[in-house]
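[1] I would like to see how this sequence folds:
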Amino acid sequence: MRLMLSYLKSYKGLVFLNFISVFGFALTELGIPTIISRMVDGGVASGDREYLLKMGGLIALISVVGILGTVVLGYCGARISTAVTCDIRNDLFEKVQSFSHREMNQLGVSSLITRTSNDALQIMNFMNIILRTAMLTPVMIVVSFTLIIMSSVKLSLIIAATVPFIILGVIL
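    Now for the predicted structure:
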């Protein structure tokens, strides 16, 4: 993991853009159901047509942000993972070129080919998953908890009390 993080240092801007797009995606996933519940409580119950149209426009805006976030997330994830994989392959190729004939025979050409192709592909897939899922999870937790606090403080205290048990269950 440290190796991949060292390669990620070259792509700080794309990693930051990836994080922002993850936040946009999380906002869409969690914001739209919250707005719909407010529409039902505030607009449908009272018959306020203007409020419903205003909230519908807000949902449309959030949907556009979510679409842009998803597209940018896919682009950044693919761009970063392929660039890091390319850098790893180039460094690996450079290292292999410094091997003596005896070292090449000892390691095996087929093994070196596998290392530069298949293993690098596995690293690229892993990076892509990390950049999407692993960044999305903490953002979703923070945004979810913020929405729960905005909805009900008592409910947020109950959830906050159960989180250590959930973490303990996952660890065990």
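
[2] Just give me how far the helix or strand containing residue 59 sits from the chain centre.
    Assigned by DSSP states H and E, residue 59 falls within helix 49-97. From the chain centre to the centre of helix 49-97 is a distance of 8 Å (Cα atoms, centre = their mean, to the nearest Å).

[3] Which elements pack onto that helix?
    Applying 3 or more Cβ pairs under 8 Å, 6 or more residues apart in numbering; DSSP states H and E, we find helix 49-97 packed against helix 2-8, helix 12-38, helix 120-129. Every C-beta, even on glycine, is put in place using the N, C-alpha and C of the backbone.

[4] dump the residue contacts of the closest residue to residue 132 other than its chain neighbours.
    Using Cβ to Cβ, 6 or more residues apart in numbering and skipping residues adjacent in sequence, the residue nearest residue 132 is residue 77, 5.4 Å away. With contacts defined as Cβ atoms under 8 Å, 6 or more residues apart in numbering, residue 77 is in contact with 18, 127-128, 131-132.

[5] Out of the residues you listed, who's the most crowded?
    residue 131 (26 neighbours; other Cβ atoms under 10 Å).

[6] quick one: contacts for it?
    By Cβ under 8 Å, 6+ apart, the neighbours of residue 131 are 15, 18, 76-77, 80-81.
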